[in-house]
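A.B. asks: Got a sequence here, can you build the structure:
(one chain, ligands or ions: 3)
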Amino acid sequence: MTPGLVGSFGLFVLCTTLFCVFAASVLLQQADEGRQVERRAALHGAIEAIRTAGIDFSALPEQRVRDIARIAGLKDLRFETGPAAAGRELQPVLNAQGRIVGWFSWEPDRSLTNALGPLKPLMTAATVLLIAFAGFAIWQVRRVLRDLAVSERKAWTLAHEDVLTGLPNHRKMLESIDAALGARKAGETVTLALIDVDGMKDVNDAHGHRAGDDLLSAFAARLKENLPAGAVCGRFDGNEFAVLLRQTDAAQPAPAIENLVEALAKPYWVNGQAVQVGATAGFAQAPGDGASRDDMTRRTNLALGAAKRKRRNGVLRFDAAMDREFEERRFLERELKRALVNGDLDVHYQPIVRGGGAQIVGAEALLRWRHPTHGQISPAAFVAAAERGGLIGELGAFVLRRALTDARRWPDLYISVNLSPMQVRDPNLAGLVAGMLAETGTAPERLLLEVTEGVLIDDPDQAKERLDALRALGVRLALDDFGTGYSSMTYLQKFHFDKLKIDRGFVAPLGSPGHSPAVIQAIVALGRALDLTLLAEGVETEEQRVRLRLAGCEEMQGFLFAKPGPREALDRLLGQGRTVEADRPPQRAAG
Ligand code: C2E
Ligand code: MG
Ligand code: MG
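C.D. replies: Numbers count the residues shown, from 1 in each chain. Ligands and ions are numbered 1, 2, ... in the order given. The predicted model follows:
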């Protein structure tokens with residue numbers, strides 16, 4: 001309770017008390033006056049009786065006067081022919097001719113009224129104050145009620161409306177989904193679409209977060225403008241907006257959502273600049289794709305995830321295969337945890353050769369997982385599951401420790417270890433690598449770490465920081481799968497790699513009819529210009545080997561030389577002292 005309220009309450013109690021006293025005194029006074037009238041009437045009766053009896057008032061015996069005083073309830077009643085003492089009540093007595101013969105006088109009896117008399121002004125003031133206070137209190141209560149209604153409205157708005165865009169927020173949209181599903185009649189469908197703003201991070205990075213907020217507001221406004229009739233929309237999450245559409249069975253939601261996405265993907269004008277972001281949508285339709293809110297949101301999310309993986313500005317509807325894929329992903333995450341504990345993971349090594357295959361100079365460590373019931377699972381699948389499930393740190397440390405420990409068997413080889421994008425983002429990566437090098441006593445230059453282009457594009461500055469920290473340890477870096485991503489010259493110049501691993505996609509077509517070796521030659525020339533060692537991946541045929549050698553590619557890796565195998569297999573290969581082929585002068589291949 002605030003001091004103001006306490007004071008007001010105290011004043012109220014005081015005023016109320018005084019008012020009660022005042023009211024009581026008025027009532028008492030009225031009662032006093034009533035009694036006075038009664039007494040006078042009784043005295044009047046006695047006077048009449050005396051007069052009728054013809055008794056002379058001045059000869060009234062004292063006893064008779066006392067009797068009259070007792071009957072009438074008058075104090076100190078006296079009959080006097082002269083003027084009475086001041087302050088006494090008087091009753092004149094007339095004779096038959098109507099002339100005053102004397103006065104009855106007595107002491108007034110208004111003790112309570114008199115006692116309260118001095119308090120009267122105070123009590124009157126209290127009454128006035130009380131009335132004023134009551135008025136003030138009523139005004140205050142009305143004001144508080146009005147404020148309460150305003151803050152209640154505000155609280156409701158905050159709870160249901162997104163502050164930035166003014167659209168219904170996540171909670172309100174969930175309520176709307178519930179309401180729409182609950183009100184759906186036979187022959188009607190309810191479609192939930194989730195639309196993701198692509199490239200928000202770039203906008204924030206390039207133009208600042210204020211501009212990012214402006215863009216989201218503009219996106220929301222355009223979403224509202226282009227909403228199909230009868231649809232509602234809201235902000236579902238950071239960069240995610242929801243659209244809820246009620247239609248008849250016959251109508252198709254896809255065209256409406258595609259039009260919306262098309263409109264949303266057009267450039268925005270933010271802070272006097274044109275800014276381009278994309279929009280990708282996934283949707284699910286009740287009752288076919290689900291009848292409950294949870295099913296609908298989960299499946300719409302799956303459709304959105306699939307759409308985002310597929311292409312920018314695309315729209316995808318949920319289908320049952322997405323549910324299966326989701327279950328598979330969950331299975332992988334769950335089982336991988338178990339595999340790490342049970343020791344079901346292994347590392348295989350694929351030799352890397354020089355001189356067209358004459359000499360093994362290194363080996364790439366490749367993770368292997370043999371599941372007790374599902375058999376071999378591809379690292380491409382479970383590495384992604386490890387990233388999602390938060391296991392990549394553990395998995396990465398496992399491979400690094402094992403590879404560096406095994407590398408002690410092959411002191412003349414360098415050992416190549418793959419890093420997943422999430423590992424590169426880990427600020428403790430350099431610390432982990434340094435720790436492992438020290439633990440296993442490995443010279444840093446024997447370790448080659450492979451990263452893919454995606455890492456560089458997502459957050460180039462952060463990636464540069466991490467990779468520079470690794471270089472500072474003395475380890476070497478390779479750009480893996482070169483040619484599958486953006487293959488940007490800028491990135492090659494900005495990041496200091498030691499090696500470029502040409503993706504299998506460029507190697508496989510080598511030698512096929514009508515295929516020109518110009519691309520490989522260009523990549524090799526580029527690598528040389530940047531002082532990088534070139535390594536071709538996935539070399540499977542003699543023809544590919546020869547063409548790569550002719551193009552000037554120094555290192556190779558592929559099934560032609562050896563498949564990835566356990567460390568004992570590499571031991572055996574090294575025992576042979578060479579790979580499958582002796583080095584022989586390359587034959588000029590046709591083309
Ligand atoms: P990558 O790093 O590009 O590895 C080369 C992949 O090509 C390996 O597949 C290898 O078995 C395969 N390969 C090698 N030579 C040939 C060939 O001549 N023909 C064909 N068709 N394939 C060949 P794998 O072992 O299935 O690994 C797939 C990907 O999984 C790897 O691609 C790498 O990105 C990832 N990966 C494997 N092990 C690890 C790991 O320990 N950590 C991380 N982060 N990723 C890993
Ligand atoms: Mg690799
Ligand atoms: Mg590769």
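
A.B. asks: In three-state terms, how would residue 109 be classified?
C.D. replies: Following DSSP: H, G, I helix; E, B strand; the rest coil, residue 109 is assigned to coil.

A.B. asks: Now do the same for residue 540: helix, strand or coil?
C.D. replies: coil.

A.B. asks: can you pull the contacts of it?
C.D. replies: Taking Cβ atoms under 8 Å, 6 or more residues apart in numbering as the criterion, residue 540 is in contact with 507-508, 558-560. C-betas here are computed from N, CA, C, even on glycine.

A.B. asks: name the helices or strands packed onto the helix or strand where residue 92 lies?
C.D. replies: Using DSSP states H and E, residue 92 falls within strand 89-94. Secondary-structure packing of strand 89-94 (3 or more Cβ pairs under 8 Å, 6 or more residues apart in numbering; DSSP states H and E): helix 3-52, strand 100-107.

A.B. asks: that older thread, looking at the contacts of residue 540, which are in strands?
C.D. replies: Members of those lying in strands (criterion: DSSP state E): none.

A.B. asks: Quick check: which of these are also close to ligand 1?
C.D. replies: Filtering these for proximity to ligand 1 by Cβ under 6 Å from any ligand atom leaves 558-559.

A.B. asks: if I look at residue 165, how far off is residue 300?
C.D. replies: From residue 165 across to residue 300, the span is 20 Å (Cβ to Cβ, to the nearest Å).

A.B. asks: Check residue 380 too.
C.D. replies: Applying Cβ to Cβ to residue 380 and residue 300 gives a distance of 27 Å.

A.B. asks: Ok, residue 495 next?
C.D. replies: Distance from residue 495 to residue 300, by Cβ to Cβ: 38 Å.

A.B. asks: neighbour count winner among the two?
C.D. replies: Per other Cβ atoms under 10 Å, whichever of residue 495 and residue 300 has more neighbours is residue 300, with 27 against 19.

A.B. asks: is it true that that one touches residue 285?
C.D. replies: No. The criterion here is Cβ atoms under 8 Å, and residue 300 misses it with residue 285 at 9.3 Å.

A.B. asks: Spit out the residues that contact those two alike.
C.D. replies: In contact with both residue 300 and residue 285: 192, 318, using Cβ under 8 Å, 6+ apart.

A.B. asks: State the mean pLDDT of the strand ranked longest in the chain.
C.D. replies: Counting by DSSP E, the longest strand found in the chain is strand 359-371. The average of the pLDDT scores along strand 359-371 is 97.

A.B. asks: which strands and helices sit next to that strand?
C.D. replies: helix 320-342, strand 345-354, strand 375-377, helix 379-388, helix 392-406, strand 414-418, helix 567-576.

A.B. asks: That one vs ligand 2: in contact?
C.D. replies: No. When contact is scored as Cβ under 5 Å from the ion, no part of strand 359-371 falls within range of ligand 2; the minimum is 5.6 Å.

A.B. asks: Can I get that strand as PDB, trimmed to CA atoms?
C.D. replies: Presented in PDB, the C-alpha positions along strand 359-371 are these (Å, rounded to 0.1, in the frame of the first residue of the first chain):
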ATOM      1  CA  GLN A 359      54.200 -42.300 -53.600                       C
ATOM      2  CA  ILE A 360      51.700 -42.100 -50.700                       C
ATOM      3  CA  VAL A 361      52.200 -38.700 -49.100                       C
ATOM      4  CA  GLY A 362      49.300 -38.500 -46.800                       C
ATOM      5  CA  ALA A 363      45.900 -40.000 -45.700                       C
ATOM      6  CA  GLU A 364      42.500 -38.600 -45.200                       C
ATOM      7  CA  ALA A 365      40.800 -39.700 -42.000                       C
ATOM      8  CA  LEU A 366      37.100 -40.600 -42.800                       C
ATOM      9  CA  LEU A 367      34.600 -41.500 -40.100                       C
ATOM     10  CA  ARG A 368      32.900 -44.900 -40.200                       C
ATOM     11  CA  TRP A 369      29.800 -46.000 -38.300                       C
ATOM     12  CA  ARG A 370      28.600 -49.500 -38.400                       C
ATOM     13  CA  HIS A 371      25.200 -49.700 -36.800                       C
END
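
A.B. asks: Listing partners with orientation, what would you give for that strand?
C.D. replies: Partners of strand 359-371 in the sheet, by DSSP bridges, are strand 345-354 (antiparallel), strand 375-377 (antiparallel), strand 414-418 (parallel).

A.B. asks: Distance from the chain centre to that strand, please.
C.D. replies: 42 Å (Cα atoms, centre = their mean, to the nearest Å).
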